[in-house]
Structure formats: structure tokens, C-alpha cells
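Colleague: fold the following.
(3 chains)
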Amino acid sequence: MFVKNTWYVAAWSHEVGPDALFSRVVTGSPVVMYRKEDGTIVALEDRCCHRGAPLSVGRREGDCVRCMYHGLKFDSAGACVEAPAQQRIPERAKIKRYPVVERHRWIWIWMGDPALANPDAIPDTHWLDDPAWRCLPGYIHYHVNYLLICDNLLDFSHLPFVHPTSLGGSEDYAKVQPKVERIENGVRITRWVLNTDVPPFAAAVKDWPGKVDRWNIYDFTLPGILLMDSGVAPAANGAREGTRVDAAEFRGCQALTPETETSTHYFFAHPHNFALDRPEVTRSVHQSVVAAFDEDRDIITAQQRNLSLDPDFEMMPFGIDSALSQFRWVVNQRLEEENQARQPSAKES
Amino acid sequence: MFVKNTWYVAAWSHEVGPDALFSRVVTGSPVVMYRKEDGTIVALEDRCCHRGAPLSVGRREGDCVRCMYHGLKFDSAGACVEAPAQQRIPERAKIKRYPVVERHRWIWIWMGDPALANPDAIPDTHWLDDPAWRCLPGYIHYHVNYLLICDNLLDFSHLPFVHPTSLGGSEDYAKVQPKVERIENGVRITRWVLNTDVPPFAAAVKDWPGKVDRWNIYDFTLPGILLMDSGVAPAANGAREGTRVDAAEFRGCQALTPETETSTHYFFAHPHNFALDRPEVTRSVHQSVVAAFDEDRDIITAQQRNLSLDPDFEMMPFGIDSALSQFRWVVNQRLEEENQARQPSAKES
Amino acid sequence: MFVKNTWYVAAWSHEVGPDALFSRVVTGSPVVMYRKEDGTIVALEDRCCHRGAPLSVGRREGDCVRCMYHGLKFDSAGACVEAPAQQRIPERAKIKRYPVVERHRWIWIWMGDPALANPDAIPDTHWLDDPAWRCLPGYIHYHVNYLLICDNLLDFSHLPFVHPTSLGGSEDYAKVQPKVERIENGVRITRWVLNTDVPPFAAAVKDWPGKVDRWNIYDFTLPGILLMDSGVAPAANGAREGTRVDAAEFRGCQALTPETETSTHYFFAHPHNFALDRPEVTRSVHQSVVAAFDEDRDIITAQQRNLSLDPDFEMMPFGIDSALSQFRWVVNQRLEEENQARQPSAKES
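Modeller: Numbers count the residues shown, from 1 in each chain, chains lettered A, B, ... in the order given. Below is the predicted model of the structure:
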């Protein structure tokens, strides 16, 4: 069960080429994406209304797509406009069209009620293509339910344990309790670690005089979007008070999109605002993140295996779970709301 | 759920060698086939009545087969005739024997009530070994329910879309409505396309002066047998009226046999009556068919994946579905009949 | 459903190295095993109480183990002794500790009520490391329910059929009815075959003057432990009466440990008391056993496939099934007892 009335990241812009029919399952539904001749993105149900064959193995014809099973042709609004040997095409011969918005290299999709799709609600990720920042695009496929990855991202105390040689660094990082605040549709997490060791990924891209201050300030909001101001600055320079002298700053953008109940798409990038003319630094930052996210995947997939062995296992809440408990509450609240909106009220029935 | 009282194709003759114990699952039941010393085929339940071990990993002993788990020996009627350390063999120690008929290179099996097995009901496929025709034997394994393949074979409007470079040809083929008639246990489909382009598979084996007439006339009957008169003749030569001058004629023989609810055996050949002394033509025809059937498997397997994602998806009937709708009705009708025959009547109970 | 209050073999001693965290699923539960600094074995639940991550991908810290997801540290009794950023560790923050005993190269584990774990109840397998005997350690993983393997081991009439070229020998072996006696927690099986052919595995390691007497005398007890006195002696030398002159004697030790309902660990060795200074003989004996057990796995896995095709299939009992029927009765009896012990009595409720 997934939240429907929300914007999901469906793809990186470059994944949908000018001529391609790009297929991806989003919240359990098959979606085909392609670009019209003017370059704008179309997202349709990837399932012909006739016999259920996927259109993504079909054929582009101008701004239309033809199912290559029996030749039904659909326009970019999802209406069937041609059916061989069919005199009259019935009105209900159509497939779903999903609202899509391409913005800052991400293609956002709305799987719920199209009337509610408001592009203004899409979170700001302008760092992904802002010339003052640099990053590389990341994608990982997970064979676990997306909530286990949300849990992971909502508690960075795992950093020194899961990522000792990349994002992690010294274990005092885990000892600091972050500040957790409820915001609309999610939580804001603020963690400052002062006068600590330089974490490995930062040491790889910059020289540091000694101990550093380190921060991770991020919003984690529905459906599973993490937007983070993070960085490292020489210790005792006043970074916490706002003076980011000689700092290395990042604006992590991460998006979890459920594929099915047991698999997840994970889109991410880690823009930085220093060494803009040194692509090897951008690559190094990206590789540190990819290495770390592979470590996350290992431990979360192992966790999922354990949970599958015994569905009755009950997790034991610790203090560090505050953010993830709050976010799971937000998810359940929204699922409940959407569920009730689908039911007729007692009076109506 | 499968129709039981009908003849299924269980194997090509050459699949069951003189000494082999050949194993195949037919309509969900394990079957072992072998040849008695006189060459006639035996088909037994491939499951020892004692502990369920398959006899097909056992040992031939004359016309008997011995289970190599604990040594029970069964004769070709399925009776246990020897059991080590067992004084008296209980009468009910036996396995099912299935009626089988080997005819024209196909081995037909009857999975239902043996008393109803009438070899005269086996469809005529003499083209498979008639010296006036040539063909090669084909077999494909599918991971889909057999009805999806029936659907495919009952609507050839998919030819130009799924098989543009082999069986297909120009898309006007799909625009012609075939004639569909109900016959006993199935449907007869007749489609003539006049003055059309030579389809690629025909162009590969014969020179043609220009446009051609093309026909596909086939019976599709229970449990999933397609027998087809098809061909190509120079246009305007009167092929439709019966004059098949300079034509290339085929007698396609195809049989679908459910393995399980989600997998299917597919036996086929495409006999032709020209170029009898040119085996390269026979190979070319066969390869065109195999290439096309691989294309079918790709689209049908993709369709099955979509259907599995959402079991509630409802197909939308189009005019071209007339034949497949009728055939599915025939299947359901027969399943209902067999189901009722297994139940005691209201009076009896 | 598995018997809980019993000793299972969890591993060979050498599988758990001095520094390793060794993971194995036993009766459906993940277990991590390691050696304390004094070399003694610890077995803990391989699942952190916090979020369920496996400790076996964690880190040894002295005699403790740290979960490398969020850094919780557990001592060798299973108590959480450290949790980063956690002021007070709740008392219930602990994982299960399983009683373990390392004896004669096997590590035995108790998955049930620790209060009932009595090391005196562990069967004697001293031949595994007795200097008067020689053997090599064996392990096979099965994808079948463990009871199918119990069945196999409780009826050696399968030997000449499944193992004709290794353990088997002539088929008169199968014609002898063994003596079957009920003993505590299982059955004792005694089979003497007099004046028979030398079985292949024995011919491979010793010269024999002619026909031999052959015996298999074994106890098969809960949860699935086979301990066997077996051997071969020249015929008519009085082996049956106790005179084992020029005999080749073995003390087979075998243990089945369910992994899940559909998979099983199989530990085994086949100690012999002759040719003590000829390691090639020990290897030959071991290889014969491994080859035979691979044959068992083939037939039992094929049997499991047949049973999965039709869960309603009913096995037909034969005389040779006496021992396995009795053992299955013992298993069900014990499961029932344990089940009732878990339920409150009628009076209490």
C-alpha cells in the first residue's frame, strides 16, 4: 500500500532518450515514458487496454505509441486513436495518463488523482543542475520494501558503523543526539558534531588543518524525499553559528520510489559547491556516496532477509528511532486519509 | 484447471528413444513415457505409489520400469509386480496408466477417464510425415498459462505487428476481418488478403512476380490444437476460387499442452509441399516460424508479467477478439461439464 | 514445525574459526556462533533486537559482538551493554542466547527452553575424534523438508537401488527384513545380510576372500540423529555371533538439522577402525559416502518436486516403512507434547 497523491521521482532526465519508450514500474503500476517531438515528457500506463501487453515494447509513431501486439495506437493523452479492423473505437478504449513534470534533471510523476497534481508541491532540488554546484546522477535498485530504506535515512547514527571508510568517520558521530522537528509531510533533522575527525570522503577531496565541525541538516518528507544541507568545516571557526569559512558544503538530494511492495528505486546525487573545475573531485564525492549506499543496501537486504524469516519479529524502539517513528506515523496517517477518501461515507452508503 | 477428457500432444516421437524413460509434466501431472520392446509407447504416472519418487529416474527392465528408490517394479499397465522384502503386494499398489497413441510423429496422451479415450477423435496431422510434404519438428517452452497462447493463435491480426520481418508483412493484413465460424470443440477462422505484399518468410524461399494473394484457414479446437491451410499465390490468379497455381502451400500443425497453470509446452511444425528436394528451403521455413514464435513468446511473456502485477486488470474486448472469445467460451463450457460429471447429482446424493 | 527441546547439531567445530562470526539458520531461526577468547563457543540470536539486522555481519569486540547497523553491542549472554546516544539501556534490550556444547568435533545447540538443556542427553559420538578411529567431516545442504531425509535413513532397503556402485551391492540386501525396535526417542534397526557380495565401497578399501556377512545396526533418534555400527566380515566367520575377525567396521554418525520447512543441514562422518595409517583409505571411505549421499539428494529432491506438484498425494505404506512410520509417530508425539506445554491448561484459562 503506497501513498498515491504525492510526487514521486520516476527517472533521471537522461534515462528517457529522445526516441525511447522507457519502462518503469512505479508503486506497483507499469509506466511507459517517452518524449514528444517537442521534447516534453509523457507518462502513460504501460499496459494496453485491450489484452494487457506493455506498450514499452511497442513503437513510437510521432507523439503516439502503438502497441505491437495487435496494433492499437494511443495518443499522448492515452486515448486509443487507431485499431486495425475495428470500425468504431469505443470511448473507453484508453489508458491512464500520469501527470509528469521534468525539473532539474528529475522526472516527477503523480500516481494519484490527476486533479490534485500541483507542480508547485514538487520539492526544490535546483542544486542538481545549478551551475554553482556539481554532481553526478546515482541510481540503485533495492529488493526491499521502501520503508526499510526510509528508516535507514532517518537515522544517521548508522554512519560510523555501516560506513566506517566512506561517509562514517569516528564513532562519536553516533553519540550525538540529533534535533528532530515535525514539518509538513515529514521531519527535519539537525545534527552537529563539533571538533571531530575528518570523515574519509571529505579527507579524499580537500586538505584539512585538523579537527572539524560536521553537520547534517535535512528534511525527509513524503513519499520518501531527502533534501540535505551537509558539510565539513575546520573546527572552532563558527560554522554552527553560520560562518562556513573553508568549508566543504553539499546539498544531498535523494528520492525513494517504491517499485513493488518488496522492491524500490533509489535516485540520488550529492552536489558540492567547491572545486567546480575539478571533475575528479565530483567523481570522488560520487564514488564515496555510491560505495556507502552499497553498504546500506547490504545491511538493509540482510535485515529484510531476517524479517522475512519471522514476520512476527517486533522491532524494539530506541531513542535514536524518534525521527523514523515520526515519519512512519506521517506515512500511516496519509495512507489512512487516502483510504477514507476512496470509501463512500456512512451517510452516502 | 484443465480439460481432462481430450487428447493432448505429449511429445514428438523422436523425444522418446528406444531405451529412455522420458519425463514430462502434462496438465500438472508427472508422466513417464517409454517404448516397450515392440516399440509401442507406454505412458505411466511418473510417481511411485509408495513414497512419490519419480520412476523416470528409475530403470527399464524389459517392458517394466523399476523405481530406483526402494525397488518397486511396475508393469506397463501400471501394476506393481515386485516389491523387495514385501510378502504380498497389495492390489491397490499401482500407478496410473494413461492412454497414448503415436501417430504422424506426435505422441498423443489422454489425461482423463481412460474409458472415454477414443483414438478416432485425434485430429488428422498426416502432413507431419506425408512424403508429399516436408517439415522440421519444433518445440518451445513457455512460462505463461496456455490460454494466453491460445489467444495469440486465435487472432492473426498480430502478425504484422509482432512479426514484421518473418510471418508478418504489410499491415493491411491486420485490417482484414477474418471469417469466424463455430465448429465442434472450437472455431474455424478464414482470412484472405488479396493483392498484398509478399511476406518475408515466403520471399525467402520462392521468387514472386509481384503482389500476392495470401490465406490462413485454420481450425482451432480443444484442448489447444491449431491445424491450418495457409499459403501465398501470385495475385489475381484465382487462388481464392481454388486455383493454386504457382502457390506456396503450408499445413501448419500446432499443439498447446499445459504443463502447469503457469507454464506450457508448445509443439509445432509447418509442412510445405514445394521444393521437396531442397532441405535448405525446409530449414528456412522452419527458422522463420521459430523466429516468429520467439517473438510471440516475448510479447506474451511480457503480457503475463503485466497481468501478474495486477490480477484485477480487465481486458477490453475488441472486434478482433471474436474467435478467442468463442474459444474461451468453449473451454469454460467443457470445464463446467467435466466438473459436473465429477459431482454426484442432486438425486443421487 | 520443529521439535524445540532437543539437541541439534549446529556446526562442525572447524566451521567456527577463532575470530569468525559464523551464521546459520537452525529450525527457522538465525543463529550467530563465535568463540570467546578462551575458545568456548557462544550461540546468539543472529538478529539485533533493535531493527532486526544480523549480528553476523557485525564486529567482534572481545567476547562481545557489535551490530554494525546502529552500533548496539551485546555480551556473550545476549544482553545489550552499549547503545550509542542512548542514556539508559532498557533491560529488555537483549537477544536470545542458545545453550551450546562442543563435543567430539560437533557443536550441539538447544533451540528450546534453556532450563531444560541437559548436556548429558547429547548422544555419544566419540568415534569422531577417537584416536582408534579415522574419518573426514561431511556436510550437505538439502532443499527438502528434513523428514524426507529421515525417511530415507530409516529404510536402508534403498541401498542397492539408489547406491548400486557405492554403498549398495547386490539386491538381496533389500530382500532382508530388518528388525525394528522402539527405543527412547526413536527406533533401533538391525539388519544382517549373510553370505552376500562385497559392496563396492568396501571392495575399494580391503581385499576380501569371497562372500561376506554385512550388518547395519543403528539408532535413529530425535531430532534426526543416526548412530550406526556397521561393517563387513568374511562370510561364515561368525560375525553375527560377535566374532568380527578380519572385519571392516564403521561407526556412522549422521545428524539432520532443519534449516527451514523446506531446507535441511546434513552433517555426517563415517569413522573406520582399520587402516589407521592409510589416509587414502579414509578418503576413499569418505568419498564413497559423499557419492552415495549425493545420490540420495538427487532422488529425495526429485521426490520433493513430485510432492510439491500435488500436495494431496498420499503415500502408500509398505512393510519396509515400519521404522519410518514409527519415527514419524515419535516426532508427532513430541510436537504435540511441546505444543500442549506452550498452551495454558483448561483449568488455568
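Colleague: how about the residues of the stretch 151-300 of chain A by chain C?
Modeller: Within the stretch 151-300 of chain A, the positions lying close to chain C (CB under 8 Å from any CB of the partner chain) are A:151, A:155, A:157-158, A:160-162, A:171, A:174-177, A:298-299. No exception for glycine: its C-beta is placed from N, CA and C like everyone else's.
Colleague: tell me where the stretch 201-349 of chain A is predicted with low confidence.
Modeller: By pLDDT under 70, the weakly predicted segments of the stretch 201-349 of chain A are A:344-349.
Colleague: can we see that at 80?
Modeller: A:343-349 (pLDDT under 80).
Colleague: which other helices and strands contact the longest helix seen in chain A?
Modeller: Determined from DSSP state H, the single longest helix within chain A is helix A:279-309. Judged by 3 or more CB pairs under 8 Å, 6 or more residues apart in numbering or on different chains; DSSP states H and E, the packing partners of helix A:279-309 are strand A:138-142, helix A:146-153, helix A:159-162, helix A:200-203, strand A:263-269, strand C:29-35.
Colleague: rerun that using 7 Å as the cut-off
Modeller: Judged by 3 or more CB pairs under 7 Å, 6 or more residues apart in numbering or on different chains; DSSP states H and E, the packing partners of helix A:279-309 are strand A:138-142, helix A:146-153, helix A:159-162.
Colleague: could you point out which element follows that helix?
Modeller: helix A:322-342 (DSSP states H and E).
Colleague: count of neighbours near A:Ala248?
Modeller: Per other CB atoms under 10 Å in any protein chain shown, the neighbour tally for A:Ala248 reads 22.
Colleague: contact partners for the spatially closest residue to A:Val32 that is not a sequence neighbour?
Modeller: Distance criterion CB to CB, 6 or more residues apart in numbering or on different chains; nearest residue to A:Val32, sequence neighbours excluded, is A:Asp46 at 3.8 Å. Residues in contact with A:Asp46 (CB atoms under 7 Å, 6 or more residues apart in numbering or on different chains) are A:Ser23, A:Pro30, A:Val31, A:Val32, A:Pro54, A:Leu55, A:Ser56.
Colleague: what does chain A have sitting close to chain B?
Modeller: Counting by CB under 7 Å from any CB of the partner chain, the residues of chain A close to chain B are A:25, A:28, A:30, A:47, A:49-54, A:57, A:68-71, A:83-86, A:93.
Colleague: can you pull the contacts of the closest residue to chain B within chain A?
Modeller: Of all residues in chain A, A:Pro84 sits closest to chain B, at 3.8 Å by CB to the nearest CB. A:Pro84 is in contact with A:His70, A:Gly71, B:Ser157, B:Glu171, B:Ala174, B:Lys175, counting by CB under 7 Å, 6+ apart.
Colleague: let's see it at 10 Å
Modeller: A:70-73, B:157-158, B:160-161, B:171-177, B:318-320 (CB atoms under 10 Å, 6 or more residues apart in numbering or on different chains).
Colleague: assign the residue most central in space within chain A to helix, strand or coil.
Modeller: Of all residues in chain A, the one closest to the mean position by CA atoms, centre = their mean is A:Ala255, 1.1 Å from it. Recorded secondary structure, A:Ala255: strand (DSSP: H, G, I helix; E, B strand; the rest coil).
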